[in-house]
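Peer 1: Coordinates for the following, if possible.
(one chain, ligands or ions: 1)
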Amino acid sequence: MHIKDKFKDKTVFSFEVFPPKKSSSIDVIYNTLDELRNLKPDFISVTFSAGGSCNNALACDIASRIKESGVTPMIHLPCINYTKQEITETLTEIKSRGIENILALRGDINPDIPPKKEFLHASDLITFIKQQGDFDIAGACYPECHPDAHTLEEDIQNLKIKVEAGADHLISQLFFDNSSFYEFLWKARAAGVNVPIEAGIMPVVNKKQIERMVTTCGASLPKKFVKIMQRFEHNPDALRDAGIAYAVNQIVDLTASGVDGIHLYTMNNAYVARKISEAVSGILGL
Ligand code: FAD
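Peer 2: So this is what the prediction gives:
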């Protein structure tokens with residue numbers, strides 16, 4: 001099923017998972033998927049390496065497993081380090097597995113991997129995918145501006161190019177301050193970006209995640225968020241519960257404001273996804 005059709009009559013609720021490291025057992029992610037499917041998401045997306053260490057065949061296997069379990073899968077597809085030939089082969093593989101939904105991405109530019117330069121932007125990939133079959137295509141968007149863009153306005157103009165190329169819906173980068181998402185949404189709609197936009201929510205539930213947020217994530221950290229993290233960073237159970245509660249609060253506020261969908265970055269943590277789903281099941285009609 002094409003995911004774009006799901007937005008017609010409900011607030012879409014989706015999960016994101018990533019393939020485990022090669023050293024980990026595949027059974028771990030399969031057990032996680034079994035738990036996630038019971039939470040009745042509208043779809044589950046699987047990340048895909050932009051090139052390098054990760055095993056992309058595994059991403060296809062995980063997406064197939066999601067489909068077999070009765071949930072709609074979406075596979076991420078970054079293009080910057082792939083040739084047209086390689087993307088065509090991947091699309092053939094995706095199609096042969098009956099996967100119809102793709103999140104088309106540029107991918108981060110890695111200083112150690114020279115870009116192949118056959119696709120410069122996600123919009124180039126979207127145009128290419130549209131020539132290759134009847135896929136539902138999503139794109140990424142950035143409420144607090146993509147780091148390569150000079151201003152949010154410029155980024156939104158580029159987002160418009162992505163939508164005009166054929167993105168059927170969008171998924172946002174994570175954010176912790178809903179007001180930044182509302183401001184982005186208002187500007188995107190005013191600029192003519194009219195496809196459904198899912199809000200990306202990342203529950204921060206352990207110390208390692210906090211450190212990553214502070215050093216690498218461009219998302220602004222509201223005072224309330226920082227206070228919670230500082231207070232509970234040395235108490236794992238308290239931090240986990242506070243991180244879940246913070247994400248739930250964000251989702252309640254976004255849903256009350258009529259958001260098109262919630263995309264939960266699960267970090268392969270089925271416990272956290274379950275706690276959040278249970279807390280918002282009445283609100284999202286799960
Ligand atoms: P683009 O849309 O190409 O945008 C990149 C930059 O170029 C922006 O600054 C934009 O303003 C500008 N731009 C865009 N189009 C044009 C144009 N036509 N002309 C001029 N400038 C333009 N990465 C992975 O490697 N694997 C994943 O699985 C993955 N999953 C992700 C999931 C989500 C929901 C999100 C939000 C990101 C994900 N990423 C993933 C990260 C993503 O690849 C990076 O953020 C990357 O730097 C940008 O990708 P993009 O598709 O948004 O690029």
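Peer 1: The lowest-mean-pLDDT helix or strand in the chain close to the ligand?
Peer 2: Of all helical and strand segments in the chain, the minimum by mean pLDDT, DSSP states H and E falls on helix 207-216, at a mean of 79. No: for helix 207-216 and the ligand, the contact criterion (CB under 6 Å from any ligand atom) is not met; the two come no nearer than 11.7 Å. For every residue, glycine as well, the C-beta is placed using N, CA and C.
Peer 1: immediately after that helix, which helix or strand?
Peer 2: The helix or strand immediately downstream of helix 207-216 is helix 223-232, counting by DSSP states H and E.
Peer 1: ok, and what's touching that next one?
Peer 2: Applying CB atoms under 8 Å, 6 or more residues apart in numbering, the contact partners of helix 223-232 are 176-177, 204, 210, 221, 238-239, 242-243, 246.
Peer 1: Max pairwise distance over those: which two?
Peer 2: Based on CB to CB, the longest span within the contacts of helix 223-232 runs between Asp177 and Ala238 and measures 22.1 Å.
Peer 1: that older thread, who wins for most neighbours among the contacts of helix 223-232?
Peer 2: Neighbour counts for the contacts of helix 223-232 (other CB atoms under 10 Å) peak at Val204, which has 27 neighbours.
Peer 1: tell me which element that residue falls in.
Peer 2: Element membership for Val204, per DSSP H and E: none, as it lies in no helix or strand.
Peer 1: got a list of what Asn206 touches?
Peer 2: 236, 239-240, 243.
Peer 1: now swap in Phe181 and tell me
Peer 2: Contacts of Phe181 by CB under 8 Å, 6+ apart are 143, 172, 175, 199, 254.
Peer 1: how many neighbours does the residue lying closest to the second one once chain neighbours are set aside have?
Peer 2: To tie it back to what came earlier, the one meant is Ser172. Spatially, and ignoring its direct neighbours in sequence, Ser172 is nearest to Gly200 (4.4 Å; CB to CB, 6 or more residues apart in numbering). Number of residues near Gly200 (other CB under 10 Å) recorded here: 24.
Peer 1: which bits of this protein sit near the ligand?
Peer 2: Selection of the chain residues close to the ligand by CB under 6 Å from any ligand atom yields 47-48, 50, 76, 78, 103, 105-108, 121-123, 140, 146, 148-149, 155, 158, 161-162, 171, 173, 200.
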